[in-house]
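> Below is the sequence, then the predicted model.
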Amino acid sequence: MPGRPETTPPVWRQEDGAPVSCLEKIKVLNDNYAELRQMAQDALEDGLLLGCSEAQLRAVLHAMIDSLTNPHPAPPRR
């Protein structure tokens, strides 16, 4: 859609801060990023067209992301 800024995916980093170097992993991460971004954009636009507050829509999307849980937490340090 014209007028939308292009968003470049971040440099994906490992837990120690080193960049992810596997090209296949980067491709999966970038594909997921683009798909989620488009879905969030569509949800924002739908909500606006339906008369919702932009501030509330953004807050709900942020809260949804913040509520995600890590199914693979790091083991406790000893």
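Everything's here; your move.
> low-scoring stretches of the protein, by residue?
For the chain, the stretches with pLDDT under 70 are 1-6.
> buried residues in stretch 9-29?
Residues of stretch 9-29 classed as buried: none (neighbour count, 16 or more other Cβ atoms under 10 Å). Heads up, the C-betas are built off the backbone N, CA and C, glycines and all.
> mind starting the numbering at 61 from now?
With 61 as the first residue, the last one maps to stretch 69-89.
> Excluding its own residues, what touches it? List them.
90, 93-94, 134 (Cβ atoms under 8 Å, 6 or more residues apart in numbering).
> again, only using 6 Å
For stretch 69-89, contacts defined as Cβ atoms under 6 Å, 6 or more residues apart in numbering pick out 90, 93.
> Figure out the length between the terminal residues of it.
In stretch 69-89, first residue to last residue: 9 Å (Cα to Cα, to the nearest Å).
> now it: how far from the chain's centre is it?
14 Å (Cα atoms, centre = their mean, to the nearest Å).
> what do you get for stretch 76-90?
With Cα atoms, centre = their mean, you get 15 Å for stretch 76-90.
> and the helix or strand where residue 123 lies, how far out from the chain's middle?
Taking DSSP states H and E as the criterion, residue 123 maps to helix 114-126. How far helix 114-126 lies from its chain's middle: 12 Å, per Cα atoms, centre = their mean.
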